Structures are given as C-alpha cells and as structure tokens.
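S.K.: Pasting a predicted model and its sequence here:
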Amino acid sequence: MTRLLDSKGRPRVVVTGMGAITPCGADLERTWSSILEGRSGIKPITQFDCAAFDTRIAGEVRDFDVGDFMDRKEARRSDRFIHFAVAAADMAMSAADYRIDPAEAHRVGVVVGAGLGGLATLEANAKILNERGPRKITPFFIPGLIVNLAPGQISIRIGARGPNWSPVSACSTSAHAIGEAAETIRRGMCDVVVTGGAEATITPLGIGGFNAMKALSTRNDDPEAASRPWDADRDGFVMGEGAGILVLETLQHALDRGANILCEVLGYGASADAMHITQVGDGPKASMKMALDDAGLEPSAVQYVNAHATSTPVGDPKEVEALKHVFGEHAYRLAVSSTKSAHGHMLGAAGAVESILTVKAIVEGKAPPTHNLERPSEGCDLNFVPKTPQDVDIEHAVSNSFGFGGTNATVVLGRLVDT
C-alpha cells in the first residue's frame, strides 16, 4: 500500500518537473551534459563594455531567445531575470506534463525568488531619469524589475491562483523558495507549487558592486579556470545568471495524474549566523542538522552533497568545517561537489539550479564534478569529485545555500521509496 504521509503525518512532497537555464546551457539537458563533460560556461563578458572593471568574466546565458517563451513586445516590458523565470517555468511544466485544471487552480501556488531582481532595468531607467527627466520613465519600470513579478508572470501564464510570493535572501533565496514551497504543501494549503529562482545581474552595477567588495575572481586571462572551489589558487567567485524551476506536488496528486516522479523532497532547514553581513559563521551546521532532522535521516544515510562552495578563500573551508561537524567521519565517505565551478555563482537562482542538478545526480547515479580543483587548500580534504563525475548510488542527497546577512538554507532530497 502506498504511504502518502511522511513519518510526521504530513503529505509527502515529490518533484515531477524541472527546468533550468544556465551559463552551461539554455536548458537542463545541455546544462547537465556540459557539467559532466567538463565544459565551463564562464567566458568574457559581452553584455556591456567592461574594460574599466577589475573583473571582465562571468557566466552569461547564451543561445537563449526570449521570443520562444514570451511575446517580444511583452518581453521588453520586463527584466531579463523574469524572462529566465518564465522560460524555466515553461520547461518545468512541460517536463511535468502538467496543465492546471481551472477547478483546482486555487490549490496551485508559485514561490519563486531572486536575490537582486531587475538590476539592468533599474540602471537603464536611472539613466533615463538623469538624461531625459522623470516624464520619460516607462510605466513598466516598477513591474518590470520587482522580484515578485517573476512568480506573478508565471502564475498569469499557467493559471495558478494559490499562494504567490517571493523569498529574497541573497544567495539562499531559491533554496528557501523550495523549502517554503514544500512546507506550503505539507501544511495543506496547496497540492502543487511551482518554485525556484532566477537572477540576471551581469551589469555594470552588479559586477562593479561585487568588485568593490573584492568578492569576484579577477582571473580574466583564463575565464574557464576562474571558478575553483576549495582550490588553493582560488581568488573569488564568478558571477552567473539564469533560472531554475521545479514542480512540487503531493505524492497523492502526482500518483492520481500518473506523473513521472523524479524524487522526493525529504527535509528543509534554515538558520542565521547572526555574526557578520558577509562572512560565513556556524549557521550552516544548524541548517544542515535541521534539514536532516526534518527528513528523519541520520547523517550516515546521505551519499552526496551539492555544496554552496563559491570559490572564495574564506567561505569554502567554513563549509568543509560544517560538513565535518554534522557528518563526522561519514563526511569522508560523501561525494561533495560544487557545480558553481562550471556555471558560476547564480546568486538568487543558485539554490534552485543546484537542487535540480542534485535531483539529476540521484536519478542518474552520478555525482557531478568540481571543475578546476588542482590543489585543495589546507583542511579541504574531502572527496570533492575533482574534474570528472563519479558513479555513486545516491539514495539521499543534500543541497546547501548560504547568503549575505548570514542566511542559510539546506534541502534534503531522495529517491522515492515505500510506494
């Protein structure tokens, strides 16, 4: 008999569709194959003249035509991050083979976030204000850039009338979105939630702002080798852009419609470092422990961790310290990798894209590699899956996301069993 509730009496939550747009590929399959085959999405910046900037490289999304997903006139009224969100949601709904019955529309929610929102739109309209005056600002300025217009536009297109909102928690944004979407289903508010995140901040202010913080890599002469988590020669993260969207459903709803179930969302944890606006503290330990407790799993039940590891000198070893604290000796038996080494740090979209890649790892039994790991720095001595993927029988996996302000989120995913 199918077990429809988890051990705590809550509806079980499953993933039935996924869509991703990343610097490694304008869809999920191209992204996944590119990462497994060792191809990087990090190249010289083409979206603006960056000659005066310390950093002149990024993970830009290429081969993406918004006209495939939105009317071009309508697309001009919204920011690039919304384009990515709408397109990835279209892909996820198609992959889930799901169309909303109007009779159940109020039971379908959309929870999609972004870390910064429409930065390019803000910059463009600030220029219009300064050069041409306030009467020349487009009336679509505000709805074109605010974060919650990503889920807003998605809901309009798919007809979802349930809860519709955006978490904003820097680089933890879309991990929080997935966790809160699962909680919305567990609480009984929805049967289906479309969730994830999007980001498009490869702009003068985006690159310039992170340069001012000395956060970005300046390895401009070798872009594909610039993102190198845990490597002794890392010098900062590389900006990425794109979107990741998942369709979550109750197990009951998925079974009733004969959906192809990819995996189960087992646990969610969230915490704060309460220490520093940018540096990582002890919060990751708490978010991982909370997520495992929520999933009802011992640390030894996990086989793979998709790490937050961004390629920064301070942050990477702090995550290793947290992994060793939570998993103990089992940490040395884990496969741990950072796909940011291939697609860069996608900020508010990172947690969703990396959760999607974690689902792919579970389904295909392959831990994706950490590119560019030549010489691990001191204390970084786990199995970081250097350079090439590893065949791993993955029943349970963890995806970590940590953000400025000391905000942390962890999602536990696993193969669907006991049905």
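M.R.: Ah, there it is.
S.K.: CA only for contacts and neighbour counts going forward, please
M.R.: Noted.
S.K.: How many neighbouring residues does the residue nearest to residue 267 when sequence neighbours are not counted have?
M.R.: Among residues not flanking residue 267 along the chain, residue 295 sits closest, at 4.2 Å (C-alpha to C-alpha, 6 or more residues apart in numbering). Here the number of neighbours of residue 295 (other C-alpha atoms under 10 Å) works out to 22.
S.K.: wait, what's in contact with residue 295?
M.R.: 266, 267, 268, 412 (C-alpha atoms under 8 Å, 6 or more residues apart in numbering).
S.K.: do residue 22 as well
M.R.: Applying C-alpha under 8 Å, 6+ apart, the residues near residue 22 are 31, 59, 60, 61, 240, 241, 242, 243, 343.
S.K.: Recalculate using a threshold of 6 Å.
M.R.: Shown in contact with residue 22 (C-alpha atoms under 6 Å, 6 or more residues apart in numbering): 61, 242.
S.K.: Among the contacts of residue 295, which are located in strands?
M.R.: 266, 267, 268, 412 (DSSP state E).
S.K.: Please report how far the residue nearest to residue 267 lies from residue 272.
M.R.: 20 Å (C-alpha to C-alpha, to the nearest Å).
S.K.: Can you tell me how far residue 99 is from residue 157?
M.R.: From residue 99 to residue 157 the distance is 11 Å (C-alpha to C-alpha).
S.K.: where in this structure is pLDDT low?
M.R.: 1, 419 (pLDDT under 70).
S.K.: Helices of that one, start to end?
M.R.: Per DSSP state H, the chain carries helices over the ranges 28-36, 72-75, 80-96, 119-132, 141-145, 149-158, 173-186, 204-212, 251-256, 283-295, 315-327, 340-343, 350-364.
S.K.: Please list the residues outside the third one that contact it.
M.R.: Outside helix 80-96, the residues within contact range by C-alpha under 6 Å, 6+ apart are 16-20, 69, 150, 154, 198-200, 242-243, 245-246.
S.K.: how about that helix as PDB, C-alpha atoms only?
M.R.: Coordinates of the C-alpha atoms in helix 80-96 are reproduced here as PDB (Å, rounded to 0.1, in the frame of the first residue of the first chain):
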ATOM      1  CA  ARG A  80      16.000  39.600 -18.100                       C
ATOM      2  CA  PHE A  81      15.600  37.700 -14.800                       C
ATOM      3  CA  ILE A  82      11.800  37.500 -15.400                       C
ATOM      4  CA  HIS A  83      12.500  36.200 -18.900                       C
ATOM      5  CA  PHE A  84      14.600  33.400 -17.400                       C
ATOM      6  CA  ALA A  85      12.000  32.600 -14.800                       C
ATOM      7  CA  VAL A  86       9.100  32.400 -17.200                       C
ATOM      8  CA  ALA A  87      11.100  30.200 -19.600                       C
ATOM      9  CA  ALA A  88      12.400  27.800 -16.900                       C
ATOM     10  CA  ALA A  89       8.800  27.500 -15.600                       C
ATOM     11  CA  ASP A  90       7.500  26.700 -19.100                       C
ATOM     12  CA  MET A  91      10.200  24.000 -19.300                       C
ATOM     13  CA  ALA A  92       9.400  22.600 -15.900                       C
ATOM     14  CA  MET A  93       5.600  22.400 -16.500                       C
ATOM     15  CA  SER A  94       6.300  20.800 -19.900                       C
ATOM     16  CA  ALA A  95       8.600  18.200 -18.200                       C
ATOM     17  CA  ALA A  96       6.000  17.600 -15.600                       C
END
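S.K.: Quick check: buried residues in that helix?
M.R.: Buried residues in helix 80-96, counting neighbours by 16 or more other C-alpha atoms under 10 Å, are found at 80-93, 95-96.
S.K.: Now the two most distant members of those.
M.R.: Across the buried residues of helix 80-96, the longest distance by C-alpha to C-alpha is 24.3 Å; it joins 80 and 96.
S.K.: What about residue 76, how many residues nearby?
M.R.: Neighbours around residue 76, by other C-alpha under 10 Å: 14.
S.K.: got it, and residue 338?
M.R.: 29.
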